[in-house]
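Student: Quick one: sequence plus predicted model below, questions after.
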Amino acid sequence: MKNSILVISFLTTNLLYCQEILQVTGRIVDYNLLNLNNVKIENLNTGEITSSSENGNFGIKARQKDTISFFYLALKPEKIVITKDKSSIRLIMVEDSWVCFESDKYYIRQKRRLQKRMKKLYDKADKQSIWK
């Protein structure tokens with residue numbers, strides 16, 4: 001009985017650590033759709049840190065469910081949870097002033113406005129082929 005529990009425990013542990021390591025790649029631009037270089041990119045689960053290149057491109061290793069954070073001075077920090085479908089990231093970082101606060105009386109309205117504004121920015125980036 002002890003041996004079977006030990007084997008099951010060993011196999012479960014191996015399955016957890018044998019998750020596929022993904023090379024997460026992407027591009028980061030600001031709200032003017034200009035490339036952002038030297039964005040600090042960190043896998044919060046492994047502690048691996050990298051930064052974006054002059055053209056905004058980056059690459060970092062991650063497993064599914066790892067959280068990747070993006071930090072650039074004066075812009076709103078972002079966190080993205082990695083899934084199989086999310087191994088390629090296109091990110092537009094915005095100023096902190098674009099962020100609405102939950103304590104604000106008009107939070108829901110501001111949040112909708114921000115979502116619309118971001119959708120327009122992503123559509124514009126797609127039309128201008130920013131991501132290629």
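Tutor: Great, that's in hand. Numbers count the residues shown, from 1 in each chain.

Student: how far is the lengthiest helix in the chain from where the chain is centred?
Tutor: Looking across the chain with DSSP state H, the single longest helix is helix 107-127. Computed by C-alpha atoms, centre = their mean, to the nearest Å, the separation of helix 107-127 from the middle of its chain amounts to 17 Å.

Student: Check stretch 29-49 too.
Tutor: Here the centre of stretch 29-49 is set off from its chain's centre by 8 Å, with C-alpha atoms, centre = their mean.

Student: which one's the longest strand in this protein?
Tutor: Looking across the chain with DSSP state E, the single longest strand is strand 22-30.

Student: partners of the following helix or strand past that strand in the sheet?
Tutor: Of the helices and strands lying after strand 22-30 in sequence (DSSP states H and E), the nearest is strand 40-43. Paired strands of strand 40-43, with direction, are strand 49-51 (antiparallel), strand 67-71 (antiparallel) (DSSP bridges).
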